[in-house]
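>>> I'll drop the sequence and a predicted model, then ask my questions.
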Amino acid sequence: MEEEEGNRNLTDYKEIDKSENENSIDNKIETSGSETKLENSDPNKRPRYKSKKTKNHVNRSQNSELIDLTKLSYDDLIIEAERLQKHCFQLKNLLNKATQLNSKVGQTQGDKSVPYVNKKKKTKNRQNREFDFSKFNRRHVLLKFAYLGWNYQGYILQEGIYNTVENLLFDALIRTKLIESRETSNYHRCGRTDKGVSAFSQVISIDFRSNCASGKGVNVNQNSTVTNHDIKDEINYIKLLNGALPPDIRAICWSPVDNEYSSRFDCVERVYRYYFPKGDLDIDLMRDAGKRLCGEKDYRNFCKMDVSNGVVTFFRRIDDIRLEILDKEINEYSTVELIVEGSSFLWHQIRCIVAVLFLIGQKKEEPSIIDDLLDIEKYPCKPQYSMASECPLVLFDCQYDDIDWIYDRIEVERVIKHLQDQWLGPQIQATVMKRMMDSLHEVVEKKLEEEAKDPSLVPVVTNTGTNHRKVQQAYSLLQGKSQSHDYMKFAERPKSLSLEHRVDHFVKKRRLDAEVYQKINEANSLAQSLNIYKPNHLKNLSEDSNGSSK
C-alpha cells in the first residue's frame, strides 16, 4: 500500500505530453548511483507552477553537498521535491528487499551477507546497560555444535566476509554475554571446514561465563557474586546459544574440561563422511583403493599444498576408509557413505581422495594408482586433477578421551525439529524428481521394446554412450567436470610444482624461514626411517593443518 501511495503522489504533478515533438519531452529521469535528476523538462508543460528556471537551480548529480532551500525559487523547489520523492521511493524499495533477505538468513536459502537477526519481542523502555562480567566466574568448556555449510563461506573468520560460521558463532556468544571478547576467551577450534562443507560435530574449547563458584574448569573471579556449586545450576549454554544462532547452526552439547584442554590438540581422531549416489561406480574397486590409503603416509599428492602458511610436512595417519551403501534396496540411486577416520588431515585432503576414488570406481584408473601417488620418488610432483565437490562433505565426529558430554533432552528435540523443517522441502523435491525419472524410464523402456520389434523405428543416432538406467553422476561431483571420452591417465597429465620448488620460492620471498624448513626436513627423514608419524614433535616447527580437510 505504501508503494502505491508513493506512485500516486509522484504522478499528481507529472502531466506528461506523449507528443512525438522532441520539445515536448517532459520529466526525463536519469539515475546515476543513488541520485536522480530531471532533464529536458519543458516548463510550458507544467501547468501547476510558473515556468521559470532560475540561476539557483542545482544539478544534484554534480553537486552532492547540501543546498540552502531558502534561496531556491518556487520552480526549483518543485524540481528538488520531485527528486527527493523519487529518491525516497527507491530507498523504500531497497529497505523492503533488505528486510526480506534478512528474514531468510539462517535458512537453507537466502543471502548470508545480511546479518542474522533473531526476532524477539521488545520490552518497553529497555535500557542498554553495560554487562558486568566481574560478577561472574569463567568456565573452560568444550562446545559441540552442528551446521549446514552449503550457504556459508567456510568456518573460519575471514577479513571482509561476514558470512562465515565462526563469525556468526562469535556474534551469538558476545550478544548472549557468554564471552566478553574473542581475544580473552581462550578459544581453540577442532576443525577448519572450507566453503560449502557441513559439520555434525564441530568442537571448540572456550571460556564461558559461569554461574558456579566451583567445579571442573571454573576460574574464580575475586569480585564474583555467584554461590552455586552444583553443575545443574550452571547456565543453560545450549538453550541460550540456540536462541541467538541462525537455524542452520545449532549447539548440541557441552562438557567442562581443565583449563589446559584444547579442542584442537587433544582431539584423538576426526571422522569425515562423504555422500554420493552409487550410479555406475564399482564400489568394490573403490574399497580396494581406500584400504591402500590407510596408514602413516606422505599425502602430498592428495591435498592442496599450503606452503605459504608454513605447512611443508605432509605425513598424516589415516586409520580407516570404508564405503557403506545406506539403502536396503541396492540400485543405481542408492546413497553411498564414504567414511574416513584419521588423526588430522591436510588442506582439501578428503576431497582429493574422493576425486581419485571416483576415477577408480569409473574404471578410468586402477586401484594401484593409489600406491603410485603415495610413492614420492615415482610421483614427486602432483598430477593435475579436479577435486570432488564440497557440498557432500561433512565433519561428522571429533573424538576425545574421557569426556562426558552434557545433553539437554529438550534442546536436542528442538534441534531435531529445526533439522526436520529444513529437511522437508529438499526431501519432497527429491521425491518429485525421482518419480519423474521413474516415469521417463518407463517411456524409454517401452520405446526400446517397440524398436526391438520394428528396426525401422530405431533412430539414426543410436549410440549415445549412456544407459538410461545408470546414474552416471559421479563426474558431476568433480570440479571442472568433463565427460570427455578422451580420458588422460595420471601418468600422462601435466604436473604441479614440487614441494622443493614451492619452498624455494617462498624462502626467496622471505615468507618461509630456511632454517625451519631444514628442521622439518630432518624430522620427516627421521619419521620415514623409523616408519612412524608423530605430529607433536613438529608442532613447534610449523602451523599444522589439523582438521582442515575441506
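That came through fine.
>>> what's the longest strand in the protein?
Secondary structure of the chain per DSSP state E: the longest strand is strand 198-210.
>>> restrict it to CA atoms and write it as CSV.
Extracted C-alpha coordinates of strand 198-210, given in CSV (Å, rounded to 0.1, in the frame of the first residue of the first chain):
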residue,chain,number,x,y,z
SER,A,198,29.0,-29.0,6.8
ALA,A,199,29.7,-30.4,10.2
PHE,A,200,27.7,-32.6,12.6
SER,A,201,30.4,-32.5,15.3
GLN,A,202,32.4,-29.3,15.2
VAL,A,203,34.1,-28.8,18.6
ILE,A,204,35.6,-25.7,20.2
SER,A,205,37.3,-25.1,23.6
ILE,A,206,36.5,-21.8,25.2
ASP,A,207,36.0,-19.9,28.5
PHE,A,208,32.3,-19.2,29.1
ARG,A,209,30.7,-17.0,31.8
SER,A,210,29.7,-19.3,34.7
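>>> so what strands line up beside the next helix or strand after that strand?
Tracing the chain C-terminally past strand 198-210 and defining elements by DSSP states H and E, one meets strand 218-219 next. Partner strands for strand 218-219, per DSSP bridges, with pairing direction: strand 137-147 (antiparallel).
>>> so how far is the partner strand off the chain centroid?
Here strand 137-147 is found 21 Å from its chain centre; the criterion is Cα atoms, centre = their mean, to the nearest Å.
>>> cool, stretch 138-153 as well?
13 Å.
>>> next, the buried residues of it.
138-149, 151-153 (16 or more other Cβ atoms under 10 Å). Every C-beta, even on glycine, is put in place using the N, C-alpha and C of the backbone.
>>> just curious, which of these is nearest to residue 192?
Top of the list for closeness to residue 192, among these and by Cβ to Cβ, is residue 149 at 11.7 Å.
>>> what about residue 445, which helix or strand?
Assigned by DSSP H and E, residue 445 falls within helix 409-453.
>>> which element follows that helix toward the C-terminus?
helix 499-508.
>>> any idea how far that next one is from the chain center?
31 Å.
>>> can I get it in PDB, CA atoms only?
Output of helix 499-508 as PDB, limited to C-alpha atoms (Å, rounded to 0.1, in the frame of the first residue of the first chain):
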ATOM      1  CA  LEU A 499      57.400 -29.300  -2.800                       C
ATOM      2  CA  GLU A 500      61.000 -28.300  -3.100                       C
ATOM      3  CA  HIS A 501      60.300 -25.700  -5.800                       C
ATOM      4  CA  ARG A 502      57.500 -24.200  -3.700                       C
ATOM      5  CA  VAL A 503      59.600 -24.000  -0.600                       C
ATOM      6  CA  ASP A 504      62.500 -22.400  -2.500                       C
ATOM      7  CA  HIS A 505      60.100 -19.800  -3.900                       C
ATOM      8  CA  PHE A 506      58.700 -18.800  -0.500                       C
ATOM      9  CA  VAL A 507      62.200 -18.800   1.000                       C
ATOM     10  CA  LYS A 508      63.300 -16.300  -1.700                       C
END
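>>> circling back: tell me the mean pLDDT over the longest strand of the chain?
For strand 198-210, mean pLDDT rounds to 95.
>>> just stretch 441-459 next, same as before
Mean predicted confidence for stretch 441-459 is 84.
>>> of the buried residues of stretch 138-153, which is the nearest to residue 354?
Of those, the one sitting nearest to residue 354 (Cβ to Cβ) turns out to be residue 149, at 16.3 Å.
>>> what's the separation between that closest one and residue 194?
Using Cβ to Cβ, to the nearest Å, one gets 8 Å for the distance from residue 149 to residue 194.
>>> how about residue 345?
Distance check for residue 345 against residue 194: by Cβ to Cβ, it reads 11 Å.
>>> now swap in residue 406 and tell me
30 Å.
>>> looking at these two, which is more packed in?
Legend: neighbour count by other Cβ atoms under 10 Å for residue 406 and residue 194, higher for residue 194 (20 against 16).
>>> isn't that one right next to residue 390, touching?
Yes. Taking contacts as Cβ atoms under 8 Å, residue 194 lies within contact range of residue 390: 5.8 Å.
>>> please enumerate the strands of the chain.
Taking DSSP E as the criterion, the chain carries its strands at 28-32, 35-39, 137-147, 188-189, 198-210, 218-219, 249-256, 269-277, 295-298, 315-325, 335-342, 393-399.
>>> so for residue 69, which of the ones you listed sits nearest?
Of all the strands of the chain, strand 35-39 comes closest under Cβ to Cβ, at 16.8 Å.
>>> quick check: mean pLDDT of that closest one?
pLDDT averaged over strand 35-39 gives 40.
>>> overlap in contacts, residue 149 and residue 194.
Residues touching both residue 149 and residue 194 (Cβ atoms under 8 Å, 6 or more residues apart in numbering): 155, 390.
>>> show me how this protein divides into domains.
With domains defined by automatic domain parsing, the chain comprises 2-104, 133-256, 269-400+492-497.
>>> just give me the lowest mean pLDDT stretch among those domains.
domain 2-104 (a mean of 55).
>>> for stretch 269-277, buried residues please.
Buried residues in stretch 269-277 (16+ other Cβ under 10 Å): 269, 270, 271, 272, 273, 274, 276, 277.
>>> and for stretch 302-312?
302, 303, 304, 305, 306, 307, 310, 311, 312.
>>> just checking, the fourth one touches residue 503?
Read it as residue 305. No. Residue 305 is beyond contact range of residue 503, at 9.6 Å (criterion: Cβ under 8 Å).
>>> any stretches of the stretch 401-550 of the chain with poor pLDDT?
Filtered on pLDDT under 70, the stretch 401-550 of the chain yields the residue ranges 460-475, 479-485, 509-550.
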